[in-house]
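Peer 1: I'll drop the sequence and a predicted model, then ask my questions.
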Amino acid sequence: MKKITVTKKTTAKVVGGLAKYIVLIFIFAFLLFPVYWMLVTALKTNIESYRLVPTLWPETISLDGFKTLISDGKFLVYYKNNIIVSAMAAVIICFISVFAGYALSRFHFKWNKMLLATFAFAQMMPVISRLISLYTILRKLNLTDTHIGLVLAISATQVPFTVSLMASFFDGIPGELEEAASIDGSGKFYTLFHIIMPLVVPGLLAVGVYSFLMTWDDYLHAITLIRSNDLWTLSQGLKLTYLGEVSDWQLINSASTLGTVPMIFVFFFFQKYMIKGLTAGAVKG
């Protein structure tokens, strides 16, 4: 009886493990299929892309879409603008998040909880609900149709979350370290940048990666604030230049493929910091 019971338990365990991996593979394939279809369509000719019965693999691999984009000066301008805006936004958001997060974590005042509640409420508001007010403010400051204005608008959207995230990291640092540094004669800024900051580098990287990825994929702010063709970002340029009544799907998917390269590069190299940071923010925030 014991042998039969052990065998049944072992069989059930193996079957359960196989079922779990099959489900995971199915979910993984389901999530990655759009990426696969983008790559495949980028390698197809337009004639094959417009067929009634689609093909899962191109009959003839064509790189004409990539060649056209590389030789097209407009796409490279959009790409450059996207890198500039994303990098600027990441730097500004990290700078603000460090000081604001440290202040929320260490200096407890009467409106501390109210401020955190306001940040949480701001994260729940849809982006489109803030665009009218943002556009009005930036127009009065003569910052519409500029990269600076676009970066400030995107930063205002992301700062509530990133400040809360950095505050959660500072909360995990013992206050005794600052007390010891203060006894040794260290000032606030020296303590922050030489003692505390090295301990929250994963959080700072998480904020930087998050803000870069969110800005790279931004469309609503760009389409609202930017009008000049030479200032268009990648998503805006793809929509207004290459999408029309009769779309060149090979060109569009080639551009989308090239557009995902920086996101994949950043995510895979810094994913452990991003996951750690988002998890810490979810638990402590």
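Peer 2: Right, received. Where do you want to start?
Peer 1: which element is K67 on?
Peer 2: Using DSSP states H and E, K67 maps to helix 64-71.
Peer 1: Output that helix as PDB, restricted to C-alpha atoms.
Peer 2: The C-alpha coordinates for helix 64-71 follow below in PDB (Å, rounded to 0.1, in the frame of the first residue of the first chain):
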ATOM      1  CA  ASP A  64      13.600  47.100 -47.600                       C
ATOM      2  CA  GLY A  65      11.700  48.600 -44.600                       C
ATOM      3  CA  PHE A  66      14.900  48.900 -42.500                       C
ATOM      4  CA  LYS A  67      16.900  50.300 -45.400                       C
ATOM      5  CA  THR A  68      14.200  52.900 -46.100                       C
ATOM      6  CA  LEU A  69      14.200  54.000 -42.500                       C
ATOM      7  CA  ILE A  70      17.900  54.300 -42.200                       C
ATOM      8  CA  SER A  71      18.100  56.300 -45.400                       C
END
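Peer 1: How about residues contacting that helix?
Peer 2: Contacting residues not belonging to helix 64-71 are listed as A42, T45, F75, L76, D248, Q250, L251, N253, S254, A255, T257, L258 [Cβ atoms under 8 Å, 6 or more residues apart in numbering]. For every residue, glycine as well, the C-beta is placed using N, CA and C.
Peer 1: Of these - the most surrounded one?
Peer 2: If you count neighbours using other Cβ atoms under 10 Å, the busiest of the contacts of helix 64-71 is S254, which has 27 neighbours.
Peer 1: circling back to that earlier point, where's the dip in pLDDT among the contacts of helix 64-71?
Peer 2: When the contacts of helix 64-71 are sorted by pLDDT, the bottom entry is D248 at 80.
Peer 1: Quick one: residues contacting that residue.
Peer 2: Contacts here follow Cβ under 8 Å, 6+ apart; on that basis D248 touches N46, G65, Y242.
Peer 1: next one: V85
Peer 2: For V85, counting by Cβ under 8 Å, 6+ apart, the contacting residues are H147, L150, V151, I154, T215, D218, A222, T233.
Peer 1: would JSON lines of the residues you listed with neighbour count be doable?
Peer 2: Listed next are the contacts of V85 as JSON lines, based on neighbours: other Cβ atoms under 10 Å:
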{"residue": "H147", "neighbour count": "18"}
{"residue": "L150", "neighbour count": "28"}
{"residue": "V151", "neighbour count": "23"}
{"residue": "I154", "neighbour count": "26"}
{"residue": "T215", "neighbour count": "25"}
{"residue": "D218", "neighbour count": "24"}
{"residue": "A222", "neighbour count": "24"}
{"residue": "T233", "neighbour count": "28"}
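Peer 1: Could you identify the most distant pair in these?
Peer 2: Farthest-apart pair in these is H147 and D218; separation 12.2 Å (Cβ to Cβ).
Peer 1: which helix is the longest one in the chain?
Peer 2: helix 2-43 (DSSP state H).
Peer 1: Any idea how far the next helix or strand after that one is from the middle of the chain?
Peer 2: Counting by DSSP H and E, the element after helix 2-43 in chain order, helix or strand, is helix 46-49. Relative to the centre of its chain, helix 46-49 is centred 32 Å away, using Cα atoms, centre = their mean, to the nearest Å.
Peer 1: quick one: low-confidence ranges for the chain?
Peer 2: Residue ranges of the chain with pLDDT under 70: 1-6, 8, 244-246, 271-285.
Peer 1: In it, mark out all the helices, start to finish.
Peer 2: Remark: helices assigned in the chain by DSSP H are 2-43, 46-49, 64-71, 73-106, 112-124, 128-140, 147-171, 176-183, 188-191, 201-216, 220-225, 234-237, 249-284.
Peer 1: now the fourth one against helix 176-183, angle please.
Peer 2: Calculated by axes from the mean of the first three to the mean of the last three Cα atoms, to 10 degrees, helix 73-106 forms an angle of 80 degrees with helix 176-183.
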